[in-house]
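1. next input, structure requested:
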Amino acid sequence: MLTEPQSTELKQLVSRSLDRAEDIWNKVGREVQFLEARLTRAEAVPSSIPGHSWVSEDRPLVDTFVAAVVDIRDSSKHLLHAISQKEAKVSQLQRVFYETSALLPAVAQTLGYQKGRVTEYLGDGVLALFQVEPGEEKRAMYRAYWASQDCIGGVRSIVNNELARRYSLPALDLGVGLSFSKAIVTLVGLDGEKHPKAVGECVYRAAKLSKGRNEVYVDEWLKNAWPSEKGGFLQFLSRTLHGEQGYLLHAARAKAPVLIAQT
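-> Alright, predicted model coming up:
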């Protein structure tokens, strides 16, 4: 659960982000300009991948991560379908621009509270990685779970309240997918534009499982790796999500994070 200082910090971050978004929209919104950032060619590139602050193509590494994908549900509908001016003050592209401007920094900040790092912004969501250090598997999995719950709980509430107050927009729904595997940490892209990237099944599967609605889904690898303890409070409920097999993480009762394995 978010602490009171964290909630206050997130509220201030959302407000500042929307102030900036409004200013940007007023300047370039009509022209919809897209700017491309280019990396200068270097032997090693700065990285946001946890545990790998610099990544070199000549020295690829293998590491273990919990991948988390958090994204907005129905964002394409928000972009294509107009809202009546009687119901909301903004619509379509302007609506999506404000929603993502408020949500994505708040989600990144919240994941960071649990040592998760956003490595890619996906338009209407984020990909974050939690490094799994040897002997610390349990801690990394719990951190990813706690951060995910804070995103669909406290963060979503803060963002929705501010969007409603400023623009009379309806509430956003979020999906979260978690997965666990090894990944290759390397550089990808053209010479002079190399981008640090973790390439692994966890990234692919987390994206596939982020299609729920205000729920956290995990893959079978994460379920099987999760530490099982007697008297736990979490259940793994088998679900098929848009054709993808996964497990809904369900809190059977509010208590310290231990596990009941159930399908």
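
2. mind checking how far the lengthiest strand in the chain is from the chain centre?
-> Determined from DSSP state E, the single longest strand within the chain is strand 174-188. Centroid separation for strand 174-188 versus its chain: 11 Å, with C-alpha atoms, centre = their mean, to the nearest Å.

3. buried set for it?
-> Judged by neighbour count using 16 or more other C-beta atoms under 10 Å, the buried positions of strand 174-188 are 174-181, 183, 185-187. Heads up, the C-betas are built off the backbone N, CA and C, glycines and all.

4. right, and the helix or strand after the longest helix seen in the chain?
-> Longest helix of the chain, by residue count under DSSP state H: helix 4-28. Next helix or strand after helix 4-28 toward the C-terminus (DSSP states H and E): strand 44-46.

5. which elements pack onto that next one?
-> Counting contacts by 3 or more C-beta pairs under 8 Å, 6 or more residues apart in numbering; DSSP states H and E, strand 44-46 packs against strand 54-56, strand 195-199.

6. who touches the first one?
-> Residues outside strand 54-56 that contact it (C-beta atoms under 8 Å, 6 or more residues apart in numbering): 43-47, 49, 185-187, 196.

7. go on, the last one?
-> Taking C-beta under 8 Å, 6+ apart as the criterion, the residues outside strand 195-199 that touch it are 39, 45-49, 52, 55, 63, 65, 67, 119-120, 129, 183-189.

8. let's go with 7 Å and repeat that
-> 39, 45, 47, 49, 55, 65, 119, 129, 183-189 (C-beta atoms under 7 Å, 6 or more residues apart in numbering).

9. in that strand, what's buried?
-> For strand 195-199, the neighbour count (16+ other C-beta under 10 Å) marks 196-198 as buried.

10. for the least confident helix or strand in the chain by mean pLDDT, name the packing helices and strands.
-> Sorted by mean pLDDT, DSSP states H and E, the helices and strands of the chain end with helix 75-80, the least confident at a mean of 87. Packing partners of helix 75-80 (3 or more C-beta pairs under 7 Å, 6 or more residues apart in numbering; DSSP states H and E): helix 92-113.

11. output the helix it packs on in PDB with nothing but the alpha carbons.
-> The C-alpha trace of helix 92-113 is given here as PDB (Å, rounded to 0.1, in the frame of the first residue of the first chain):
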ATOM      1  CA  GLN A  92      -9.900  11.700 -28.600                       C
ATOM      2  CA  LEU A  93      -6.200  12.600 -29.100                       C
ATOM      3  CA  GLN A  94      -6.200  15.300 -26.500                       C
ATOM      4  CA  ARG A  95      -7.800  13.000 -24.100                       C
ATOM      5  CA  VAL A  96      -5.200  10.200 -24.700                       C
ATOM      6  CA  PHE A  97      -2.400  12.700 -24.500                       C
ATOM      7  CA  TYR A  98      -3.500  13.900 -21.100                       C
ATOM      8  CA  GLU A  99      -4.200  10.400 -19.800                       C
ATOM      9  CA  THR A 100      -0.800   9.100 -20.700                       C
ATOM     10  CA  SER A 101       1.000  12.300 -19.600                       C
ATOM     11  CA  ALA A 102      -0.500  11.800 -16.100                       C
ATOM     12  CA  LEU A 103      -0.400   8.000 -15.800                       C
ATOM     13  CA  LEU A 104       3.000   7.000 -17.200                       C
ATOM     14  CA  PRO A 105       5.200   9.100 -14.900                       C
ATOM     15  CA  ALA A 106       3.200   8.100 -11.900                       C
ATOM     16  CA  VAL A 107       3.400   4.400 -12.800                       C
ATOM     17  CA  ALA A 108       7.200   4.700 -13.300                       C
ATOM     18  CA  GLN A 109       7.600   6.500 -10.000                       C
ATOM     19  CA  THR A 110       5.500   3.800  -8.200                       C
ATOM     20  CA  LEU A 111       7.400   0.900  -9.800                       C
ATOM     21  CA  GLY A 112      10.600   2.700  -8.700                       C
ATOM     22  CA  TYR A 113       9.500   2.600  -5.100                       C
END
